[in-house]
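Asks: Requesting a structural model of the entry that follows:
(3 chains)
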Amino acid sequence: MKNYTSIHDIDNINSWIEEAKALKENPLKFKKLGKNKTLGLLFFNSSLRTRLSTQKAALNLGMDPIVMNVSGDAWGIEFGDGTIMNGNTAEHIKEAAAVVSQYCDIIAVRAFPTLTDKEKDESEHVLNSFKKYASVPIVNMESATGHPLQGLTDAITISEQANVSKPKVVLSWAPHVKALPHAVANSFVQAMQKMDVDFVIANPEGYDLNPEITVNTTITHNQEEAFKDADFVYVKNWSSYSDYGKILNTDPNWMVTKDKIGDAKFMHCLPVRRNVVVEDAVLDSDSSLVIQQANNRTYAAQLVLKKILENL
Amino acid sequence: MKNYTSIHDIDNINSWIEEAKALKENPLKFKKLGKNKTLGLLFFNSSLRTRLSTQKAALNLGMDPIVMNVSGDAWGIEFGDGTIMNGNTAEHIKEAAAVVSQYCDIIAVRAFPTLTDKEKDESEHVLNSFKKYASVPIVNMESATGHPLQGLTDAITISEQANVSKPKVVLSWAPHVKALPHAVANSFVQAMQKMDVDFVIANPEGYDLNPEITVNTTITHNQEEAFKDADFVYVKNWSSYSDYGKILNTDPNWMVTKDKIGDAKFMHCLPVRRNVVVEDAVLDSDSSLVIQQANNRTYAAQLVLKKILENL
Amino acid sequence: MKNYTSIHDIDNINSWIEEAKALKENPLKFKKLGKNKTLGLLFFNSSLRTRLSTQKAALNLGMDPIVMNVSGDAWGIEFGDGTIMNGNTAEHIKEAAAVVSQYCDIIAVRAFPTLTDKEKDESEHVLNSFKKYASVPIVNMESATGHPLQGLTDAITISEQANVSKPKVVLSWAPHVKALPHAVANSFVQAMQKMDVDFVIANPEGYDLNPEITVNTTITHNQEEAFKDADFVYVKNWSSYSDYGKILNTDPNWMVTKDKIGDAKFMHCLPVRRNVVVEDAVLDSDSSLVIQQANNRTYAAQLVLKKILENL
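Replies: Just a heads-up that it's a prediction; the model follows:
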């Protein structure tokens, strides 16, 4: 594997899950693999889990992580082709990506969408510019349209926690005060499509995800129906895709409650707004898997880095 | 020892001091103790000495430090119980503390007081929330009401520098342009109460520290009298405790001068505002121990981390 | 060598270049030299290449790098002597430098000029204060008037890429939208003065660099003439030195184009504003050495750190 920028980079999700579980059992087994190798973590946006878990994953592999908040620590980066750079950006991605490649053996990048310019976001201009101009492998730490380290994490967690052979998994939209990206939802959909699960998406009208991603996936606008007999309820807010980046609905009836999900396991990528997205009673119950998910972020990242290191 | 959040966590200050001195003699003796262990350093506030000395201490023990400025690097954290999180905070401490515990073997936290809400500050809501919701040990890198790494440092420094068996130690308030916390003063008082010293606090009227902390400790409002025959003069500004967080006095006569302290050793936790808190002539003289104190920060932190690591 | 703060600290540039090339061939040869040693990287200003390459260099030598953004992570630093610190600065450099010296075996500092106070900038008050008050070696990661890690890098790059025994090297001013420092240009001039090259500086009238630095060096105001038969064209904007820190000229005719430089190799320290300083056709051609320069930053820093470590 060269880059890990999408769930599509997973060739066989079941074998990846088994490998990740083995890493979790013995996280230091490949401590020599990353010796004298640096991982550059470039953040265009805030991060807690990704920042810490990816560093931990690198350390488990013996790598030296180097963290940089691009905006605060360095310069404004220009992505346009042929631009006359007489504005606010001081360095072109052509140089930035090639330069960072001189110091880092792998580059991990976080760059959120604008949520105002659909075409720009869907072009994944930041992530793809790094892929194009860097001379080392690129790992996606959440881009405009995907968060494949999270999607892999979620697949691992469902595999670990499933009590039945083909569990019913629901991805449910929930309300939020801010317009949020589609990245986590997209990668979760793509991961579920690769797994042997009974998968359904529940969201209000106007909130259907990108149809190119949800192809062949059941979408319902009836949350109650979707939750029936669910084994896993994965909750996430996202802004409208069709009315791009807009908040069309804040209906608190879509908030997830203990009553609604019954015995189903609750999942969320975090951070989560309590009593807006989901009520305390769910998060504070044994049904919540959010901390286990967070823990698995380390092994998802470690597996990805291991596969890249083995291929360097 | 599980957590180190207060001077009260020191079971025997004299043996701790001797252990710290031994670490200072041979800082790399326990380099293997922290191998493959991460220390998460979470800063809600600025830091220079604590940031660097705690990292250095971790490195001396073979740990991997991971630094995060919570506000700038991650999200606003919610501490309220049962809050409907539709405001500025994006992640609840319940999740944040539990999540960071997945990646770090020990979590060190800096969180200053509001100085406007006495009850909130005295509840130590940030530090205690981490203690409550984290699954790994917590180290206090200065909280609302205490700075026990500094207090331990100061005890070590006095022990190293004392020429008499029961030295006279004065903690003197000094003027400042900003309203400052009580944390350093509190922990110094608590450390001195555990040591075999003749201890007195000098501060203007209206500036008595929390009486629950200064219990059985002499307080005078006469700085000159306090300084008489002093062996150590520890200087620190703090805002009023009774008129909570207010600046009641900026009298330059409380500034510490060479004339006033004579042959006494001068101590301060730093940063210190020259010619406001203390005159240049003191800081630039051989009587000043401020740099030795700063150096001992490493060994105080290293001792604390060592004791926690041995108990993991 | 104790400190590396200027190109003048290079005793023999040719032997340094050969040593740097040897390090580049075998970057991990001295991995044990820096074991258990910390490098403190203190940034008063933004940085990308310097931040990453200096960390990489430290890691190659087995050192532990500790990065701090002074303004964001710590306090405002006071540099004035005898100041009554009742303003915005909270810690004096006398303490700051001495304190950081307790935790770091070498301190590297970046501090840009004001470009408004020539005397202050030329006094190098930040860098020289660290030299004066720190008890450990100081490395200049770009100061008010010099960027000697860049200058050394450029000397290495020219030596690697020269096809003739005494190449013609041109330093050309180019237009820019912001007032920029003289540091890179100054250090490049000083490096070229030590090398066996045919060196000429081209800049518009009013843009002559500090005559104390350009002594005995040819300056022309005719770019076309300067570029004739050039082997290397090093391009950089700087603000006026005589009319200190001012932008006197933004003439796009000084922008560097493929037509103008012909077969000459193009060099720039980066970041570079495309189609303002230099056109895309140059940067995107094989004549551009900017990425090779960036790569050599690691080995320039590594050589400097190695020489200091050997002398500790």
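
Asks: contacts, neighbours, all on C-alpha from now
Replies: OK.

Asks: The nearest residue to residue A:240 once chain neighbours are set aside: neighbour count?
Replies: Counting by Cα to Cα, 6 or more residues apart in numbering or on different chains, residue A:240 lies nearest to residue A:207, which is 4.8 Å off, once chain neighbours are set aside. Close neighbours of residue A:207, defined as other Cα atoms under 10 Å in any protein chain shown, add up to 22.

Asks: Name the SS class of residue A:207, please.
Replies: At residue A:207 the chain is in coil, as set by DSSP: H, G, I helix; E, B strand; the rest coil.

Asks: in chain A, which helix or strand is least confident?
Replies: Sorting the helices and strands of chain A by mean pLDDT, DSSP states H and E puts helix A:70-73 at the bottom, at a mean of 82.

Asks: what packs against that one?
Replies: strand A:38-43 (3 or more Cα pairs under 8 Å, 6 or more residues apart in numbering or on different chains; DSSP states H and E).

Asks: Which residues does the strand it packs on contact?
Replies: When contacts are defined by Cα atoms under 8 Å, 6 or more residues apart in numbering or on different chains, strand A:38-43 is touched by residues A:51, A:58, A:63-71, A:100, A:103-111, C:56.

Asks: same question, stretch A:179-190
Replies: A:6-8, A:112-113, A:115, A:142-148, A:150-151, A:154, A:171, A:209, A:213-214, A:236-239, A:241, A:245-247, A:269.

Asks: tell me, what residue is most central in chain A?
Replies: residue A:147 (2.3 Å; Cα atoms, centre = their mean).

Asks: Enumerate the residues of the stretch 51-200 of chain A near chain C.
Replies: By Cα under 8 Å from any Cα of the partner chain, the residues of the stretch 51-200 of chain A that approach chain C are A:64, A:66, A:72-75, A:82-87, A:90-92, A:95, A:98-100, A:102-103.

Asks: Counting neighbours, which of those end up buried?
Replies: For those, a burial check counting by 16 or more other Cα atoms under 10 Å in any protein chain shown picks out A:64, A:66, A:72-75, A:83, A:85, A:90-92, A:95, A:98-100, A:102-103.

Asks: if we can go back for a sec, which residues touch the residue nearest to residue A:240?
Replies: Taking Cα under 8 Å, 6+ apart, one finds A:238, A:239, A:240, A:241, A:242 in contact with residue A:207.

Asks: which residues touch the closest residue to residue A:142 other than its chain neighbours?
Replies: If the residues on either side of it in the chain are set aside, residue A:142 comes closest to residue A:110, at 5.1 Å by Cα to Cα, 6+ apart. Going by Cα under 8 Å, 6+ apart, residue A:110 touches A:42, A:43, A:44, A:45, A:140, A:141, A:142, A:143.

Asks: Give the burial count for the second one, as a bare number.
Replies: Residue A:43 is surrounded by 24 other residues when neighbours are defined as other Cα under 10 Å.

Asks: ok, what's across the strand from it?
Replies: Beta-bridge pairing of residue A:43 under DSSP bridges involves residue A:69, residue A:110.

Asks: For it, give its distance to chain C.
Replies: 13 Å (Cα to the nearest Cα, to the nearest Å).

Asks: likewise the fifth one?
Replies: Relative to chain C, residue A:140 is positioned 20 Å away (Cα to the nearest Cα).

Asks: just residue A:51 next, same as before
Replies: Distance of residue A:51 to chain C, computed by Cα to the nearest Cα: 16 Å.

Asks: Pretty sure residue A:217 sits against residue A:197.
Replies: No - the pair residue A:217 / residue A:197 is not scored as a contact, 11.4 Å apart, by Cα atoms under 8 Å.

Asks: In strands, which of the buried ones among the residues of the stretch 51-200 of chain A next to chain C fall?
Replies: A:64, A:66, A:91, A:92 (DSSP state E).

Asks: What's the local residue count around residue A:24?
Replies: Residue A:24, neighbours per other Cα under 10 Å, totals 18.

Asks: ok, back up a step: how about JSON lines for the contacts of residue A:110, with pLDDT added?
Replies: Formatted as JSON lines, these follow (pLDDT from 0 to 100):
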{"residue": "A:42", "pLDDT": "97"}
{"residue": "A:43", "pLDDT": "96"}
{"residue": "A:44", "pLDDT": "95"}
{"residue": "A:45", "pLDDT": "94"}
{"residue": "A:140", "pLDDT": "98"}
{"residue": "A:141", "pLDDT": "98"}
{"residue": "A:142", "pLDDT": "98"}
{"residue": "A:143", "pLDDT": "98"}
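
Asks: one step back: run through the neighbouring helices and strands of the helix or strand following the least confident helix or strand of chain A.
Replies: Using DSSP states H and E, the helix or strand that follows helix A:70-73 towards the C-terminus is strand A:77-78. Contact here means 3+ Cα pairs under 8 Å, 6+ apart; on that basis strand A:77-78 packs against strand A:91-92, helix A:93-103.

Asks: For residue A:21, which of the ones you listed is the nearest?
Replies: For residue A:21, the closest of these is helix A:93-103, at 30.6 Å, according to Cα to Cα.

Asks: can you give me the offset of the closest one from its chain's centre?
Replies: 24 Å (Cα atoms, centre = their mean, to the nearest Å).

Asks: Now do the SS call for residue A:59.
Replies: Look at residue A:59: counting by three-state DSSP, its state is helix.

Asks: Quickly note the distance from the closest residue to it other than its chain neighbours to residue A:104.
Replies: Spatially, and ignoring its direct neighbours in sequence, residue A:59 is nearest to residue A:65 (7.3 Å; Cα to Cα, 6+ apart). Look at residue A:65 and residue A:104: by Cα to Cα, to the nearest Å, they are 9 Å apart.

Asks: before we move on, the earlier item: inside strands: which ones of the contacts of stretch A:179-190?
Replies: Those of these lying in strands (DSSP E): A:171, A:236.

Asks: show me the contacts for residue A:29.
Replies: residue A:23.

Asks: er, residue A:76 I mean
Replies: Counting by Cα under 8 Å, 6+ apart, residue A:76 has contacts A:70, A:88, A:89, A:90, A:91.

Asks: for these, which one is nearest residue B:295?
Replies: When the contacts of residue A:76 are compared for distance to residue B:295 (Cα to Cα), residue A:70 wins out at 32.5 Å.

Asks: and the residue in the stretch 101-250 of chain A positioned nearest to chain C, what pLDDT?
Replies: Scanning the stretch 101-250 of chain A for proximity to chain C using Cα to the nearest Cα identifies residue A:102 as nearest, at 5.3 Å. At residue A:102, the pLDDT value in this model is 98.

Asks: so it touches residue C:293, yeah?
Replies: No - the pair residue A:102 / residue C:293 is not scored as a contact, 9.9 Å apart, by Cα under 8 Å.

Asks: Now do the one helix or strand residue A:307 maps to against helix B:93-103, angle only.
Replies: Assigning secondary structure by DSSP H and E places residue A:307 in helix A:290-310. Computed by axes from the mean of the first three to the mean of the last three Cα atoms, to 10 degrees, the angle separating helix A:290-310 from helix B:93-103 equals 30 degrees.
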